[in-house]
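In: structure of the sequence below:
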Amino acid sequence: MSENQRIEFGHLPVEERIKSFRDFTIPLNDDEVHAQSLRCLHCGTPFCSNNCPLHNRPVDWNRLVREGDWERAWACLSATNSFPEFTSRVCPAICEAGCTRYLLDDAAVGIRSIERAVIDRAWREGWVRPEPAAVRTGRRVAVVGSGPAGLACAQQLARAGHDVTVYEKSERPGGLLRFGIPGFKLEKDVVERRISQLEAEGVRFELSVVVGDRKFEAGVHNAAKRSVKAADLLGEYDAVVLACGSEVPRDLKVPGREGRGVFFALDVLQEQNRVDEGLVKKPAFDCRGCDVVIVGGGDTGSDCVGTARRQGAGRIWQLDLSPMPPEKDDKSCWPAWPRKLRTSTSHEEGCERLWEASTKEILLNDKGEVRGVRCVNLKWSLGPDGRFTPSEVPDSAFEIPCQRVLLAMGFMHPAAATLKSFGVETDARGNAKAGVEGSEAPFATSVPGVFACGDTRSGQSLVVRAMSEGRRCARAVDVFLTGDSELPSFRP
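Out: Below you'll find the predicted structure:
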């Protein structure tokens, strides 16, 4: 086995893996992980670390893995990353775009595969244990939302000695980690064991509880059985952290949108996860026996492809407004994330991807059910302002017959009702307006004692960025409560 060879994760064959919603990844064995660690050039200026929102230190734990010191590699990894088992499964590995090996020979060090090997071994060996605070501060913090930002923030605050309660409107904690990401990418027992660790560290979870107004925008899921007033939290806790994500989906305003068979992407993803968790017997929305059009070319759309395929869909199309990216990336942007064609494992399972395609109408039969979509091709041109804009190609209309249309066009902002209930000022996009690092009050909103982090503050982004914001927000809250903090700073 050559030390210069990049080794990718293995996968079960398509015909086998689409039979279930279980993880189908085949991790690297110890010899393969060691071979990958040898490929690291141990750069004096590690752009991989700089690219990572958590500022993980692959150079350091690659060296430790190379030396066979797995426990210290775990200690190094966990110093910056609250939940490596999540990032090693769902992060797009933007660290690898900054790898010098990638610049030199087109094959970055398999940072994500080594990360997964380290954390999976740590769980097997029992190195991952609860770390309750030795001293309690007596200060109380409420965290609204149990997604990656909320969990990371809660963990850090509990370890700083504060009493932390997480409020979650779903039946089980985890946010999009549990209900948004399909089980074939992130099995839910992986999430559950972290929840158990947090509980052992003193974090309390209040489930099926919504904070503030229970009336949310269309597409925002709410399984709450009771509500608490924002004013009550402000009176009961010394600080409140809003980590409720960016949940309001972007809608498609075209004729036929009201038809039966048109769903937001998370309608399908969340329902299937609830079936897999045993919370419901049958999904309210599924694609069994249907041809499916997915509007939106991003990761959520890709997750819909894999989910629809496992549900027994027929033909699947994924539409993207943008031009098809180049198959080979332009490294002139290195170490930034390159624009290139990326094919997910879900795409490999059977999907037709259409580029520069805009949906103009959803076609309905006489019963109001979806029978197809009408689209046009787009052409992108560079305008005098230096920006690319699309225009419709004349006489390019075409129809796709289908019985399901899934809207996966991204998310606009957090649920307005939650922010409004606290009286938090919002920015132009509807996100919670909060201080940035370097300001006098980072992550602090316009309401004293109320902080915001993750997608609630920044808008929709990656799991790894949400976790980073949660950790950094925890430090800001700790400073607010005690005047100082021993929690890791922005760059540990």
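In: can you give me the end-to-end distance of stretch 67-84?
Out: End-to-end distance for stretch 67-84: 21 Å, by Cα to Cα, to the nearest Å.
In: mind listing what's buried in it?
Out: 70, 73-74, 76-78, 80-84 (16 or more other Cβ atoms under 10 Å). All C-beta atoms are positioned from the backbone trio N, CA, C, and that covers glycine.
In: just these: which are in helices?
Out: The helices, defined by DSSP state H, take in 70, 73-74, 76-78, 84 from the buried residues of stretch 67-84.
In: wait, E85 sits on I119?
Out: Yes: here E85 reaches I119: they are 4.8 Å apart, a contact under Cβ atoms under 8 Å.
In: which among the buried residues of stretch 67-84 gets closest to S458?
Out: S458 lies nearest to S82 out of the buried residues of stretch 67-84, by Cβ to Cβ, at 17.6 Å.
In: quick one: the closest one and T359, what's the gap?
Out: Distance, S82 to T359, by Cβ to Cβ, to the nearest Å: 39 Å.
In: out of the buried residues of stretch 67-84, who's nearest V190?
Out: Using Cβ to Cβ, F83 is the member of these that lies nearest V190, at 9.0 Å.
In: list the contacts of that closest one.
Out: For F83, the contact set (Cβ atoms under 8 Å, 6 or more residues apart in numbering) comprises 148, 151-152, 194, 467.
In: what does T359 give?
Out: Contact analysis of T359 by Cβ under 8 Å, 6+ apart lists 252, 254, 293, 295, 319, 373-375.
In: next, it: secondary structure please.
Out: Here T359 is strand, with the state taken from DSSP: H, G, I helix; E, B strand; the rest coil.
In: pLDDT weak spots in this protein?
Out: Applying pLDDT under 70 to the chain flags the ranges 1-3, 490-492.
In: looking at it, which helix is longest?
Out: Secondary structure of the chain per DSSP H: the longest helix is helix 463-482.
In: which strands or helices does that helix pack on?
Out: Judged by 3 or more Cβ pairs under 8 Å, 6 or more residues apart in numbering; DSSP states H and E, the packing partners of helix 463-482 are helix 84-90, helix 148-159, strand 239-242, strand 450-452, helix 455-458.
In: can you put these in JSON lines and add distance to G202?
Out: Listed next are those as JSON lines, based on distance: least, Cβ to Cβ, whole Å:
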{"stretch": "helix 84-90", "distance to G202": "21"}
{"stretch": "helix 148-159", "distance to G202": "5"}
{"stretch": "strand 239-242", "distance to G202": "16"}
{"stretch": "strand 450-452", "distance to G202": "20"}
{"stretch": "helix 455-458", "distance to G202": "24"}
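In: what sits up against stretch 154-165?
Out: Contacting residues not belonging to stretch 154-165 are listed as 82, 131-143, 146, 166, 198, 201-206, 237, 241, 470-471, 474-475, 477-478, 481-482, 485-487 [Cβ under 8 Å, 6+ apart].
In: what's the answer for stretch 195-212, then?
Out: 128-133, 144, 146, 151, 154-155, 158-159, 163-174, 222-230, 233, 417-418, 420-422.
In: can you tell me which of these are in helices?
Out: Residues of the contacts of stretch 195-212 located in helices (DSSP H): 151, 154-155, 158-159, 230, 233, 417-418, 420-422.
In: what subset of those is buried?
Out: Among the ones in helices among the contacts of stretch 195-212, those scoring as buried are 151, 154-155, 158-159, 230, 233, 417-418, 421-422 (criterion: 16+ other Cβ under 10 Å).
In: would you check how far apart V143 and V211 are?
Out: Note on V143: its distance to V211, by Cβ to Cβ, is 10 Å.
In: for the stretch 201-350 of the chain, just list every one of the strands.
Out: For the stretch 201-350 of the chain, the strands defined by DSSP state E, counting those that start in this stretch cover 204-207, 209-211, 226-228, 239-242, 248-249, 262-264, 292-295, 316-320.
In: ok, the last one: who's next to it in the sheet?
Out: In the sheet containing strand 316-320, the strands it pairs with under DSSP bridges are strand 292-295 (parallel), strand 352-355 (parallel).
In: of those strands, which stretch is the most buried?
Out: Stretch with highest mean neighbour count among these: strand 292-295 (a mean of 28; mean count of other Cβ atoms under 10 Å).
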